[in-house]
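> Generate a structure from the sequence data that follows.
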Amino acid sequence: MRWERVSLGDVVTFRGGGTPRKDVPEYWGPDVPWATVKDFKSLTISTTADSISEIGLASSAANLIPAGHVIIPTRMALGKAAINAIDLAINQDLRALIPRVEVDPVYLLHSILGLAKIIERHGSGATVKGITQDKLAALQIPLPPLEEQKRIAAILNAADALRAKRRQTLAELDTLLQSTFLDMFGDPVTNPKGWEVKALKDGVESFEGGRNLMPIERERRDRIRVLKVSAVTSGEYRPDESKPFSQNEPIQESHMVRNGDLLISRANTADLVGAVVYVWNTEGREMLPDKLWRFVLSDPRIIEPLFLLHVARSDYFRRQLIQRATGTSGSMKNIGKTKMLSIQVPFPPLSLQRHFATIVESVEQQKARLRAHLTELDTLFASLQSRAFKGEL
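Here you go, the predicted structure:
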């Protein structure tokens, strides 16, 4: 049975939020969880990275959203959605969906997730994509009777639980590597093992980047594509986060991504600038843009790329990077090569670095198997989702 399709704006109203002034300490405190895009790590928001005070809530455009509502980003992370398990405030990049009619929140959540690709396509913006409230309101969703909504939501939740278990196992392997790094090398902030600390330039000769190429509309997956900055922001190399460009543009071999590359973003929001990934596998059809750099090591006998990957992901490295980054706006940051090369890093013995690298490689093999299974589960979930919203379940 095919259900009536209605505009999202007929089902919900949109409630936005805001950010208290950062220069008023009294506005920030433990009273009220305050959600931003970075809190969208699963389909439920049960904790937030930041919190504000009751005074900050009252003195800003931030809105308190009671638990149990679907919340979506309208800037960055387009296509994501989650239900807040706790009362929380939201910032200006999020919208809470407040029902006008009787609708199951979990069904509504999956309806929004089913529109993820459409929401992404509707996004606009040169650097950070955003979508207007009017475009969101015009989106169409099927709206079956409430009991049918609950039945569909239960089926999709059960299927998603399998995916969540695989993602949790992947996260646990990442945590294992972080713990192993600390056991072997200590926290770089305190350097308890007394490793020699030098500027990054003592192990890295330079950085290689690409050019700012104008994208074209027509998709040709068999052609060389230029990476988006989002190819590195998840912590895993994502060659699918790329775009076609005019084949009249000259292609430089030094701009091509290669297996074993260590890539870092030199420009992005304050939270994402300096995102770094290791390229385990590439078909060799992706080019670097101007905002992504490749590390060029001065001598492989001094520093091991997989050790450097984990150093660059540490709070110790990121704090130095943010201190050196500049930007014309409060959110967008950029760092130059000279400043990046001045960041201080520990240089433990190469033999220890290489031993750590073998552990990383072993864990990566396990992660590759888990990701392959997760891809199968994603395909199954997408099929169920499509059938559910066509009334075929």
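
> how about low-confidence regions in the stretch 201-350 of the chain?
Per-residue confidence of the stretch 201-350 of the chain (counting by pLDDT under 70) places the weak regions at 214-222, 246-249, 328-331.

> What is the neighbour count of the nearest residue to residue 191 once chain neighbours are set aside?
The spatially closest residue to residue 191, leaving aside those adjacent along the chain, is residue 346, at 6.0 Å (C-beta to C-beta, 6 or more residues apart in numbering). To be clear about C-beta, it is placed using only N, CA and C from the backbone, and glycine gets the same treatment. The number of residues packed around residue 346, counting by other C-beta atoms under 10 Å, is 18.

> Run through who's touching the helix or strand residue 346 falls within.
Using DSSP states H and E, residue 346 sits within strand 344-347. Contact partners of strand 344-347, identified using C-beta atoms under 8 Å, 6 or more residues apart in numbering, comprise 185, 188, 191, 195-200, 202-203, 302-303, 308, 311, 317, 320.

> the helices in the stretch 101-250 of the chain, which residues?
For the stretch 101-250 of the chain, applying DSSP state H, counting those that start in this stretch gives helices covering 105-114, 116-122, 133-138, 146-185.

> Show the average pLDDT along the longest one.
Across helix 146-185, pLDDT averages out at 93.

> Could you name the helices and strands sitting against that helix?
With contacts defined as 3 or more C-beta pairs under 8 Å, 6 or more residues apart in numbering; DSSP states H and E, helix 146-185 has these neighbours: helix 105-114, helix 305-312, helix 350-389.

> mind putting the ones you listed in JSON lines, mean neighbour count included?
Below are those laid out as JSON lines (neighbours: other C-beta atoms under 10 Å):
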{"stretch": "helix 105-114", "mean neighbour count": "22"}
{"stretch": "helix 305-312", "mean neighbour count": "22"}
{"stretch": "helix 350-389", "mean neighbour count": "14"}
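
> Which one, of these, ends up nearest to residue 162?
With C-beta to C-beta as the criterion, residue 162 lies closest to helix 350-389 of the helices and strands packed on helix 146-185, at 5.4 Å.

> Contacts only, for residue 76.
Contacts of residue 76 were listed using C-beta under 8 Å, 6+ apart, and they are 37, 93, 128-130, 269.

> Just the pLDDT for it.
Looking at residue 76, its pLDDT stands at 81.

> One more: the one 3 residues further on?
pLDDT for residue 79: 91.

> can you confirm it is in a strand?
No - the assignment for residue 79 (DSSP: H, G, I helix; E, B strand; the rest coil) gives coil, which keeps it out of a strand.

> quick thing: my sequence starts at 45, can you match it?
With 45 as the first residue, the last one maps to residue 123.

> Got the phi and psi for it?
Backbone dihedrals for residue 123, given as degrees, to the nearest 10, come out at phi 100, psi -10.

> Could you do residue 370 as well?
phi -130, psi 170.

> How about the contacts made by it?
For residue 370, the contacting residues are 377-379, by C-beta under 8 Å, 6+ apart.

> Can you tell me how far the residue minimising distance to the centre of the chain is from residue 296?
The central residue of the chain, meaning the one whose C-alpha is nearest the mean C-alpha position (C-alpha atoms, centre = their mean), is residue 278 at 4.1 Å. Relative to residue 296, residue 278 is positioned 26 Å away (C-beta to C-beta, to the nearest Å).

> my guess is residue 111 meets residue 126, correct?
No - using C-beta atoms under 8 Å, residue 111 is not in contact with residue 126, being 11.8 Å away.

> which one of these two has more residues nearby?
When neighbours are counted by other C-beta under 10 Å, residue 111 and residue 126 differ, and residue 126 comes out ahead with 23 against 13.

> Now do the same for that one: its pLDDT.
You'll see residue 126 listed with a pLDDT of 96.

> ok, what's across the strand from it?
Partner residues in beta bridges with residue 126: residue 115, with DSSP bridges as the criterion.
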